[in-house]
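**Student:** Give me the fold of what follows.
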Amino acid sequence: MATDDQAIEALLEEGRLFPPSAEFTAQAHVKSPDIYEVAQADPEGFWAGIAEELHWFRKWDRVLEWEEPFAKWFVGGKLNASYNCLDRHLTSATKNKVAIHWEGEPGDVRSYTYFQLWREVCKFANVLKGLGVHKGDRVTLYMPMVPELAIACLACARIGAPHSVVFGGFSADSLVDRIQDSESKVVVTSDGGYRRGGVVHLKKAVDEAIQQCPTVKKVVVLERVGHQHSPVHMQADRDHWWHDLMEDASPHCPAEEMDSEDLLYILYTSGSTGKPKGIAHTTGGYLTGAYLTTKWVFDLKPEDIYWCTADIGWVTGHSYIVYGPLANGATQVMYEGAPDFPDKDRFWSMCEKYGVTVFYTAPTAIRAFMRWGDEYVKRHDLSSLRLLGSVGEPINPEAWMWYHELIGGGRCPIVDTWWQTETGHIMISPLPGVVATKPGSATRALPGIFIDVVDNDGNSVPRGSGGYLVIRRPWPGMLRTLYKAPDRYQEVYWSRFKGMYFAGDGAKRDHDGYIWVLGRVDDVMNVSGHRLSTMEVESALVDHPSVAEAAVIGKKHDIKGETPAAFVTVKAGVVADDKLAEALKKHVGHKIGAIARPDTIIFTAELPKTRSGKIMRRLLRDVAEGRALGDTTTLADPSVVSSLREKYETNES
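**Tutor:** Numbering: from 1, shown residues only. Prediction:
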């Protein structure tokens, strides 16, 4: 099927559905849509049935206690997340199955069976105990994408020490905030990690950060890159090499019996005030949600080779690399580095090499692959793939179709997933054996999840209308609070609409009842009294055959209030000139209406993105308004913003 402009437009006008094939449905975990009605009629009973598939030292007394906005799930139950990810597989053939195929950016490889992973986790759990870590103590993990990061997470969970993973691309300043707030006693890091052929010096950042963190007593350092690439300072009595501590550690460590509501981890996410928010996830409900969604959304089978390309520093890596797949006994691929090193086909090379069957990545990555060109994909045999996933932000229809046709060969269902750090696990997604998909729509809420789209007064909008995305009932994986900030938790998530969790996203419900997530409501422009989603304008731009990626912000305007300003990256071989800029403005006007036509289009080779691939629109607003730039420490390449500012000022003059 062609994916040119006319074909995409026709596809959406037809409202064309992509139903699962009879063959896929026949083998799927969920074959009947009746499960939605079952879960809606008795959500507590539904979730209790799922939780019973996990291992519990003691079963719960009550499924749910709800005192808005605070929830407790599986009250009185005792379990351990590490035990559920490892020990319970050791009595079956899964014991000797590969849990993780890991590949480093330079090409070094390691594989761990479930038995081998269990031994390493037990040993590192004993290492942590030997360093004085007790149940309830927080441990900060600041590492590259190596197996030891997953091992450290599971070791913390095993002894009941909540972990706080800080993404390895964050600066020392970002590390300070997170260590100070969590009051961690121990930091686990690495001498460095590889990224696009270079070395990221992690231990150096830790040394700088903990000068301001008096709670830190011990630092464990994994040797990843070696002294010649990243020489490190080791302070006596404080700093210890991972390999030295592991050498004599016992491979036996009983899993602590944790209360279902005991804290499993804290994960810090950006706050509007500039101070990171510590999202607090507990054990029983979170694990139940991560376990089920991994199994059903990805239709995960024992024979699958699953690959989520996220970093464990983000919630996607927590839920869909560490806890969800391992609780299901899956075999997965884990990769350290960049998708374009040493060449732009690294992901497809690995898919072919490991026979990946289920592939889960971000729309920003998909659009980058499109921009690089089809030839990198066509070098490789991707016939092993049977299911594709998308995560991180709404996926535009053209990227969806490219993914479907070129990566999936037209045969693989796509599960476009919506969820948040706060929700813990996937909330909106097609069940691939049951739900027909639409390019660009996450389709519908999963069974047991009560999603709605409401107006300003909290009333459900009719089909064909847009509004605010909310969740009407508690769900197992929900954040319990913001760490040490329950009032802020209530204010941020529960104050906008009474009795409803406000996700902060806008959404539309189409005439078939499908949900189209439009992005953050703070990414909404008010142009001459009309509310326009920046995502809609971005989708219209990317729909043009010359455009690889676009980011749109609302720029202040004396008459209109705001007007769209677009930052555009073109595909390889396309000339970015005034003629194209005018064509793009007309294209947007045709697709959405004259009200959405950008006043300004800036062509750029790169957009400012975090290392996880999210576009930092806040910084684009700073550029457009001539303000001092906000925090740029999370950017993959901070120089991109300076270049953009220069181009923008030249354009405006």
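**Student:** Torsion angles phi and psi at Y306?
**Tutor:** phi -110, psi 140 (degrees, to the nearest 10).
**Student:** How far off centre is the single longest helix found in the chain?
**Tutor:** Secondary structure assigned by DSSP state H gives helix 114-130 as the longest helix of the chain. Relative to its parent chain, helix 114-130 has a centroid offset of 27 Å by Cα atoms, centre = their mean, to the nearest Å.
**Student:** what's next to the helix or strand following it, contact-wise?
**Tutor:** Going down the chain from helix 114-130, the next helix or strand is strand 139-142, by DSSP states H and E. If you take Cβ atoms under 8 Å, 6 or more residues apart in numbering as the criterion, strand 139-142 is touched by 128, 133, 149, 152-153, 156, 161-166, 168, 170, 175, 178-179, 182, 184-190, 202, 205-206, 216. For every residue, glycine as well, the C-beta is placed using N, CA and C.
**Student:** Drop the exposed ones from those residues and show what's left.
**Tutor:** 128, 133, 149, 152-153, 156, 161-166, 168, 170, 175, 178-179, 182, 184-190, 202, 205-206, 216 (16 or more other Cβ atoms under 10 Å).
**Student:** Restricted to strands, list those residues.
**Tutor:** H163, S164, V165, V186, V187, V188, T189, S190 (DSSP state E).
**Student:** Just give me the residue closest to the centre of the chain.
**Tutor:** In the chain, the C-alpha nearest the mean C-alpha coordinate belongs to T316, at 3.5 Å (Cα atoms, centre = their mean).
**Student:** Is it located within a strand, as I assumed?
**Tutor:** No - counting by DSSP: H, G, I helix; E, B strand; the rest coil, T316 is not found in a strand; it is helix.
**Student:** Looking at the residue nearest to it when sequence neighbours are not counted now. What's its pLDDT?
**Tutor:** Once flanking residues are discounted, T316 sits nearest to A310: 3.7 Å by Cβ to Cβ, 6 or more residues apart in numbering. Per-residue pLDDT puts A310 at 94.
**Student:** Could you do F170 as well?
**Tutor:** 78.
**Student:** swap in the one 10 residues further on?
**Tutor:** Taken from the predicted model, the pLDDT recorded for Q180 is 96.
**Student:** so what's P413 up against?
**Tutor:** P413 neighbours (Cβ under 8 Å, 6+ apart): F18, P20, F24, L387, L388, P430, P432, T437.
**Student:** Just name the closest of those residues to F567, please.
**Tutor:** Proximity of those to F567 (Cβ to Cβ) peaks at L388, which lies at 27.6 Å.
**Student:** Please name the residues that touch V220.
**Tutor:** Applying Cβ under 8 Å, 6+ apart, one finds that V220 lies in contact with V127, L131, V186, V187, V188, T189, H240, W241, W242, L245.
**Student:** Shouldn't it be within a helix?
**Tutor:** No - read with three-state DSSP, V220 is strand and lies in no helix.
**Student:** Report the separation between the residue nearest to T140 when sequence neighbours are not counted and A81.
**Tutor:** In this structure, T140 finds its nearest non-sequential neighbour in S184, 4.1 Å apart by Cβ to Cβ, 6+ apart. To A81, S184 is 19 Å away according to Cβ to Cβ, to the nearest Å.
**Student:** Likewise for P19?
**Tutor:** 36 Å.
**Student:** Which one's more surrounded, the two?
**Tutor:** A81 (29 against 12; other Cβ atoms under 10 Å).
**Student:** Against P162, how distant is that one?
**Tutor:** Distance of A81 to P162, given as Cβ to Cβ: 11 Å.
**Student:** Next: E336.
**Tutor:** In terms of Cβ to Cβ, E336 sits 25 Å off from P162.
**Student:** Likewise for S429?
**Tutor:** 28 Å.
**Student:** cool, and L541?
**Tutor:** 42 Å.
**Student:** what's the answer for D452, then?
**Tutor:** 32 Å.
**Student:** same deal with A565?
**Tutor:** Relative to P162, and taking Cβ to Cβ, A565 is found at 42 Å.
**Student:** in which helix or strand would I find G392?
**Tutor:** G392 belongs to no helix or strand, assigned by DSSP H and E.
**Student:** any idea of the pLDDT on the residue nearest to it when sequence neighbours are not counted?
**Tutor:** Distance criterion Cβ to Cβ, 6+ apart; nearest residue to G392, sequence neighbours excluded, is A362 at 3.9 Å. As predicted, A362 sits at a pLDDT of 91.
**Student:** Now A362, what are its backbone angles?
**Tutor:** Dihedral angles (degrees, to the nearest 10) for A362: phi -100, psi 150.
**Student:** go on, P476?
**Tutor:** phi -60, psi -40.
**Student:** So what's the residue count around it?
**Tutor:** So P476, with other Cβ under 10 Å, has 29 neighbours.
**Student:** Next: D237.
**Tutor:** 7.
**Student:** list the contacts for A310?
**Tutor:** Here A310 is in contact with T316, G317, Y320, I321, Y360, T361, A362, V391, S612 (Cβ under 8 Å, 6+ apart).
**Student:** a markdown table please, covering the ones in strands among the buried ones among the contacts of strand 139-142 and showing pLDDT and distance to T288.
**Tutor:** Shown next, in a markdown table, are these (pLDDT from 0 to 100; distance: Cβ to Cβ, whole Å):
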| residue | pLDDT | distance to T288 |
| --- | --- | --- |
| H163 | 98 | 19 |
| S164 | 98 | 22 |
| V165 | 97 | 21 |
| V186 | 98 | 28 |
| V187 | 98 | 30 |
| V188 | 98 | 27 |
| T189 | 98 | 31 |
| S190 | 98 | 32 |
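**Student:** Could you check how far K123 is from G226?
**Tutor:** 22 Å.
**Student:** who has more neighbours, the two?
**Tutor:** K123 (20 against 11).
**Student:** What sits closest to that one if chain neighbours are left out?
**Tutor:** That would be A249: by Cβ to Cβ, 6+ apart, it lies 4.0 Å from K123.
**Student:** Please report how far the one you found lies from A155.
**Tutor:** 10 Å.
**Student:** Now do the shared contacts for these two.
**Tutor:** With Cβ under 8 Å, 6+ apart as the test, A249 and A155 both reach F124, V127.
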